[in-house]
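*Asks:* This is a predicted model, with the sequence first.
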Number of protein chains: 2
Amino acid sequence: MNPRLYSFTGGDDGPWAVRSITAIHGEPLADCLRVRITHGEDVGTGVWSLRGVTSNERYVTTEEKRQLAAVQEPLGRPEATCAAMIPIKKSDAWWALSQEERKAIMDDQGRHTAVGLEYLPAVARRLHHCRDMATAEPFDFIAWLEFAPEYERQFDELLARLRATPEWGYIEREVEIRLACG
Amino acid sequence: MNPRLYSFTGGDDGPWAVRSITAIHGEPLADCLRVRITHGEDVGTGVWSLRGVTSNERYVTTEEKRQLAAVQEPLGRPEATCAAMIPIKKSDAWWALSQEERKAIMDDQGRHTAVGLEYLPAVARRLHHCRDMATAEPFDFIAWLEFAPEYERQFDELLARLRATPEWGYIEREVEIRLACG
């Protein structure tokens, strides 16, 4: 097992209660009551199960990486009882671009990393990659984000700002699952 | 199954006869007589089996990508009866670097892509990524390269030039398997 593998399973059990599942782009994910996160392979049952691995950064600059490391908080803070799970699939056109073309689009207007940085340390985040696994996965990434309830409005704003960027023109499937712990 | 998955199995059968297996860095791979390449999962038996997926480019510039596309040849040319399979694992230190630090090291002295370009179209190449699969894989990449027998001396030179670059200081395991078709 890859030690960087995480499984996200939607079903009837798990610590995270589903508040909403919204298809932002493309096909939705089936409704479920709860989500559990397993470090490694999830051998249990569920309505759906998605897997991804954490990996090296692909787009942040050395300076952005330093800034992120300086302010980011870990997952699992007691006050961060709200979460969003956002699986995303980008288009073939995106993946056919060169690294520098993709980076330029992420920096254009949106400035993905710079915008994200404005919402740290309130939002804790872990990104999981699904595109290069041996199995055919329905998404390229699973973003997992945690924050305190009083921060929800700012979190909505963060998502709206990112979705208004040119980068989002390359997203062909995106589902937003909002959760609460407990 | 990921449609970009390839399996490389060393054993007693397959179209590629093993001429040598050399551990360049770190632990060797077990000796075998032949190697077969399967598009997808290999469900047969062998002495070892390595898997990887082709993926988007990470380091070439837009201009290098254009140059590569203009001169690269496909695998399977009748005259390209020699091959090298080179599984590689880079160090944790490498993967902890930012994208721009890794790119800078690849461009330093060695100029990985520029050097590689000098040997095209004679050498046909496919790179397979193993680092972000759900399973723990012993290597990060599997490079597969094909060329005609009369080009072997230049191919040796290509490997020697790449191995003399600063990038190779981050390689902690590398095995070179030389093969002939038929």
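*Replies:* Yes, it's here. Residues are numbered from 1 along each chain as shown, chains lettered A, B, ... in the order given.
*Asks:* Which residue, other than its chain neighbours, is closest to the residue positioned nearest the centre of chain A?
*Replies:* Centroid-nearest residue in chain A: residue A:143, 0.9 Å away (criterion: CA atoms, centre = their mean). Using CB to CB, 6 or more residues apart in numbering or on different chains and skipping residues adjacent in sequence, the residue nearest residue A:143 is residue A:86, 4.4 Å away. Every C-beta, even on glycine, is put in place using the N, C-alpha and C of the backbone.
*Asks:* if we can go back for a sec, what's opposite the residue nearest to the centre of chain A in the beta bridge?
*Replies:* residue A:86, residue A:127 (DSSP bridges).
*Asks:* and it, how far is that from residue A:50?
*Replies:* Taking CB to CB, to the nearest Å as the measure, residue A:143 falls 11 Å from residue A:50.
*Asks:* Overlap of the contact sets of these two?
*Replies:* Residues touching both residue A:143 and residue A:50 (CB atoms under 8 Å, 6 or more residues apart in numbering or on different chains) are residue A:87.
*Asks:* quick one: pLDDT of the residue lying closest to residue A:98 once chain neighbours are set aside?
*Replies:* Excluding its sequence neighbours, the residue lying closest to residue A:98 (CB to CB, 6+ apart) is residue B:62, at 4.3 Å. Here the pLDDT value assigned to residue B:62 is 93.
*Asks:* burial of residue B:62, as a residue count?
*Replies:* Using other CB atoms under 10 Å in any protein chain shown, residue B:62 has 14 other residues around it.
*Asks:* near chain B, which residues of chain A show up?
*Replies:* For chain A, the contact set with chain B under CB under 8 Å from any CB of the partner chain comprises A:1-5, A:41, A:51, A:53, A:55-62, A:64-65, A:95-101, A:103, A:129, A:131-137.
*Asks:* Can you give me the buried ones in the top helix by length along chain A?
*Replies:* Counting by DSSP state H, the longest helix found in chain A is helix A:152-163. By neighbour count on 16 or more other CB atoms under 10 Å in any protein chain shown, the buried set for helix A:152-163 is A:155, A:158, A:161-162.
*Asks:* elements contacting that helix?
*Replies:* With contacts defined as 3 or more CB pairs under 8 Å, 6 or more residues apart in numbering or on different chains; DSSP states H and E, helix A:152-163 has these neighbours: strand A:82-90, helix A:112-118.
*Asks:* for the ones you listed, which one ends up most surrounded?
*Replies:* strand A:82-90 (a mean of 22; mean count of other CB atoms under 10 Å in any protein chain shown).
*Asks:* who's in contact with it?
*Replies:* By CB under 8 Å, 6+ apart, the residues outside strand A:82-90 that reach it are A:8, A:16, A:26, A:29, A:35, A:50, A:130, A:138-149, A:151-152, A:155, A:159, A:170-181.
*Asks:* buried residues in the next helix or strand after that strand?
*Replies:* For strand A:82-90, the following helix or strand on the C-terminal side (DSSP states H and E) is helix A:92-96. Buried residues in helix A:92-96, counted by 16+ other CB under 10 Å: residue A:94.
*Asks:* tell me how far helix A:92-96 is from the chain's mean position?
*Replies:* Centre-to-centre, helix A:92-96 and its host chain are 19 Å apart (CA atoms, centre = their mean, to the nearest Å).
*Asks:* pLDDT below threshold where in chain A?
*Replies:* Residue ranges of chain A with pLDDT under 70: A:110.
*Asks:* could you redo the last one with a cut-off of 90?
*Replies:* Within chain A, the set of residues satisfying pLDDT under 90 comprises A:107-113, A:182.
*Asks:* how about the strands in it?
*Replies:* For chain A, the strands defined by DSSP state E occupy A:5-11, A:16-25, A:34-39, A:48-53, A:82-90, A:124-129, A:141-147, A:171-181.
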